[in-house]
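Need coordinates for the following:
(chains A and B)
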Number of protein chains: 2
Amino acid sequence: MNVVLLAREEVGPDGIVRLVDARARHVIDVLRVTPGQDVRVGIVDGPLGIGTVTAVGDASVELRCAFDATIPSRPAIDLLLALPRPKVMRRLWAQLAALGVGHIILTNAERVERHYFDAHVLSPDIYTPLLIEGLQQARDTRVPLVTIARRLKPFIEDELHVLCPDTARIVLHPGSAAPLGDAVRNASQRRVLLAIGPEGGWNDFELALLRAHRFAEAGMGPRTLRTDTACVAALAMVSAAQPFTLVMFR
Amino acid sequence: MNVVLLAREEVGPDGIVRLVDARARHVIDVLRVTPGQDVRVGIVDGPLGIGTVTAVGDASVELRCAFDATIPSRPAIDLLLALPRPKVMRRLWAQLAALGVGHIILTNAERVERHYFDAHVLSPDIYTPLLIEGLQQARDTRVPLVTIARRLKPFIEDELHVLCPDTARIVLHPGSAAPLGDAVRNASQRRVLLAIGPEGGWNDFELALLRAHRFAEAGMGPRTLRTDTACVAALAMVSAAQPFTLVMFR
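Numbering: from 1, shown residues only, chains lettered A, B, ... in the order given. Down below sits the predicted model:
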C-alpha cells in the first residue's frame, strides 16, 4: 500500500480522519508510524495529499490531512476485454487499476462462456475493493469506470462512440505485424481504446465487426500469451508509448 | 497449449511419438484431432515442427513428426530478480517462460525473507513443468536457464560477468526518469539483463552495488507496481524495444 485511500465522507471539515480498519493495521504494523509522521493519503476519485499522524492507538490511527489542489487525471487508456474466466478476472482487477485504466469494458465473444457473466467477481461489492487495492499500490485515486456489455455487436454499433469518444481504437491480434507501440505513437488521438480477445482469439465475425468500426490491428510479437499476461503486457506497452506517461514522470 | 513440447527421447528414429499423458488429453479433448490432422510440436530446447496424427485412442495419440532444421534462438533478455514470496514466484514461472527470458537469476536482498529460499517452488521438479507450460503457451522450445544466487554481493562481483557476458545491464528503479524502453533502445549490446528488486525496493547498499557494476537505472513511470505485475510489464517493454523482436515478426 503506497497511499492510503479515503472516502470523501471519512474526512472531517478540519481534515481529521480516524482509521480503524485494515488501513489502520497497515499504518500501525507495516509503516510503524509515530505521532508527527507523515503518510501519503488520497481521496477516492479526488486529490492526493499528506496525512500527519496525530494519535496512534492499539487498532486505530488519527491523521490530519492536507490535500493537493488538483485531482490526478484519469489514465488515457480504456480497455475492451472479452471476459476471461472468473478466476483470471479476479486476479486482473487490482492489476488493471494499478497499471492505470480509465474505463474497463467487459464484453462477450464466441469463445467466452456465458456463465462467466454470472460470476460474483462482476459484482461491484467484489471488484471495487480490488480496484482500490490496485490504486493504493500505484498511488492513484481514480477508480476505473466499469461497464459490462454482454452483447458485443450492439455495444460496438450503438454505445461505444458515446462511452469512448475520440480514442485511437486498437485491437490486439496475435500475428499482426504492426507493433502495438507504433500503433499508439502514430495515433492522432491522445486516448487509446485497446480491445483484447478471449483465449483462442476473436472469431472472424467479431474481428470484422471491430475492423468495420475503425479498430486497427496491432500485435506484440510472435509469442502467444495468456489473457492475464497479455493484458498486463499490452497495457504496459501502450502506456510506455503514450507521450502522456512521459509528462507524468516529472 | 499452442505447441506440444516433447522430450528428445520421446521421439522415435522415424519421428513417431506416442502421447499418453496430459498432452494426449489436450490433443484429443481440446484440439479434437482426427487422423491426418497436423498439430504443432517442438522438442524441448530443440526445433519446432509439425506432428501429423496417425492414430487416436481413448487416451493416447500417435504422431509422425517432422522438425525444422533450425532451433529457435534463446530470448535476448535475462532477468535478475530479488526472490518474491513463494506464492508469487509460483505464478511467475510460466509467465516468465511465456514472455521469453533467456536466464532467470533469483537472488537475495535485504527485503527478501530468507525462508523464501527454502520454498518448494525453487525445486526444479516444481518449476520445470511450469516453465514448459509457459513455453507451450508461447510456442517456444527454449527453457530458460535458472540460477539461484543466494548472496547478491559475491554473485554480482564474481559470477555475473561469466554468466551474462556482453549484456546491457539495467536496474528497474521506481522514480527513475529514464524510460525503460529508451534504455534498451540506446544500449549498444543486443542482450539485456534486467534487475528487478523486491517489494519495497533494493536498499541503498544494493543499489550502489548494482550501479558500481554498470547497471543503469530506468523506470516505468510514476505508478508503483507489485513485483509480479512489474516483471510482466517490464519484460513486455524490453522486448518491444528490442530490434530483435521485430525481426521475429516475419
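
After the lengthiest strand in chain A, heading C-terminal, what element do we hit next?
Longest strand in chain A by number of residues, with DSSP state E as the criterion: strand A:48-56. Downstream of strand A:48-56, the next assigned helix or strand under DSSP states H and E is strand A:61-67.

now the angle between strand A:48-56 and that next one, please.
Per axes from the mean of the first three to the mean of the last three Cα atoms, to 10 degrees, the angle that strand A:61-67 makes with strand A:48-56 is 150 degrees.

Check which residues of strand A:61-67 are buried.
A:61-63, A:65, A:67 (16 or more other Cβ atoms under 10 Å in any protein chain shown). All C-beta spots, glycine's among them, are computed from the backbone N, C-alpha and C.

Parallel or antiparallel, list what pairs with the longest strand of chain A.
strand A:38-43 (antiparallel), strand A:61-67 (antiparallel) (DSSP bridges).

Those strands: which one's closest to residue B:26?
The closest of the strands paired with strand A:48-56 to residue B:26 is strand A:38-43. By Cβ to Cβ, the value is 46.2 Å.

Relative to the whole chain's centre, how far out is that closest one?
Centre-to-centre, strand A:38-43 and its host chain are 20 Å apart (Cα atoms, centre = their mean, to the nearest Å).

Can you give me the distance of the closest residue to residue A:225 other than its chain neighbours to residue A:76?
In space, and not counting its chain neighbours, residue A:225 is closest to residue B:98: 5.5 Å by Cβ to Cβ, 6 or more residues apart in numbering or on different chains. Counting by Cβ to Cβ, to the nearest Å, the separation of residue B:98 from residue A:76 is 27 Å.

Residue A:128: which element?
Secondary structure (DSSP H and E) places residue A:128 in helix A:124-138.

Okay, now the unreliable bits of chain A?
A:244-250 (pLDDT under 70).

Report the contact partners of the residue nearest the centre of chain A.
Against the mean C-alpha coordinate of chain A, by Cα atoms, centre = their mean, the closest residue is residue A:97 at 2.9 Å. Residue A:97 makes contact with A:130-135, A:138, A:140, A:143-144, according to Cβ atoms under 8 Å, 6 or more residues apart in numbering or on different chains.

Those: which two are farthest apart?
Using Cβ to Cβ, the pair of the contacts of residue A:97 lying farthest apart is A:130 and A:140, separated by 14.2 Å.

between these two, who's got more neighbours?
Remark: of residue A:130 and residue A:140, residue A:140 carries more neighbours, 26 against 19, as counted by other Cβ atoms under 10 Å in any protein chain shown.

How about the more buried one: what's its closest non-neighbour residue?
Residue A:140's closest residue in space is residue A:72 (Cβ to Cβ, 6+ apart), at 5.9 Å.

residues contacting that neighbour?
Residue A:72 is in contact with A:47-48, A:140-142, counting by Cβ under 8 Å, 6+ apart.

quick one on the thing from earlier: I'd like to know how many residues surround the residue nearest to residue A:225.
Residue B:98: 27 neighbours (other Cβ under 10 Å).

That one and residue B:134: what is the separation?
The gap separating residue B:98 from residue B:134 is 4 Å, by Cβ to Cβ.

follow-up on the earlier one: and of the buried residues of strand A:61-67, the nearest to chain B?
Nearest to chain B among those is residue A:67, at 17.9 Å by Cβ to the nearest Cβ.

Please give me every residue in contact with the closest one.
A:15, A:41-43, A:46-49.

Ok, residue A:76 next?
Counted by Cβ under 8 Å, 6+ apart, residue A:76 has contacts A:102, A:190-192, A:242, A:244.

Identify the residue nearest it in space, chain neighbours excluded?
Closest to residue A:76 by Cβ to Cβ, 6+ apart is residue A:191, at 4.8 Å.

Would you mind naming what in chain A lies close to chain B?
Neighbours of chain B within chain A, by Cβ under 8 Å from any Cβ of the partner chain: A:2, A:94-95, A:98-100, A:137-140, A:177, A:179-181, A:219-226, A:229, A:232-237, A:239-240, A:245-246, A:248-249.

For the buried ones among these, write the corresponding PyMOL selection.
Burial among those is assessed by 16+ other Cβ under 10 Å; the matching PyMOL selection reads:
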select buried, chain A and resi 94+95+98+99+100+137+138+139+140+179+180+181+219+220+221+222+223+224+225+226+229+232+233+234+235+236+237+239+240+245
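
if we can go back for a sec, can you list the strands paired with strand A:48-56 in TSV and add distance to residue A:106?
Below are these laid out as TSV (distance: least, Cβ to Cβ, whole Å):
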stretch	distance to residue A:106
strand A:38-43	26
strand A:61-67	32
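
so which of those gets nearest residue B:110?
strand A:38-43 (22.2 Å).

just so I have it, where are all the helices in chain A?
Under the criterion DSSP state H, chain A carries helices at the ranges A:22-25, A:86-99, A:124-138, A:152-154, A:160-163, A:180-185, A:204-212, A:227-241, A:243-248.

What is the burial count for the nearest residue to residue A:31 once chain neighbours are set aside?
With Cβ to Cβ, 6+ apart as the criterion, residue A:31 has its nearest non-adjacent residue at 6.5 Å, and that residue is residue A:39. Neighbour count for residue A:39, taken as other Cβ under 10 Å: 21.

again with the one 4 residues further on
Burial measure for residue A:43: 21 neighbouring residues, criterion other Cβ under 10 Å.

looking at the sheet around the nearest residue to residue A:41 once chain neighbours are set aside, what are its partners?
Leaving aside its sequence neighbours, residue A:41 sits nearest to residue A:51 (Cβ to Cβ, 6+ apart; 4.1 Å). Following DSSP bridges, residue A:51 is listed with bridge partners residue A:39, residue A:65.

re earlier: adding distance to residue B:11 and neighbour count, write the contacts of residue A:76 out as a markdown table.
As requested, these are exported to a markdown table (distance: Cβ to Cβ, whole Å; neighbours: other Cβ atoms under 10 Å in any protein chain shown):
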| residue | distance to residue B:11 | neighbour count |
| --- | --- | --- |
| A:102 | 50 | 19 |
| A:190 | 53 | 12 |
| A:191 | 51 | 20 |
| A:192 | 45 | 26 |
| A:242 | 47 | 23 |
| A:244 | 51 | 16 |
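
Provide a list of residues in contact with the closest residue to residue A:148 other than its chain neighbours.
Once flanking residues are discounted, residue A:148 sits nearest to residue A:106: 5.2 Å by Cβ to Cβ, 6+ apart. Shown in contact with residue A:106 (Cβ under 8 Å, 6+ apart): A:81-83, A:89, A:122, A:146-149.
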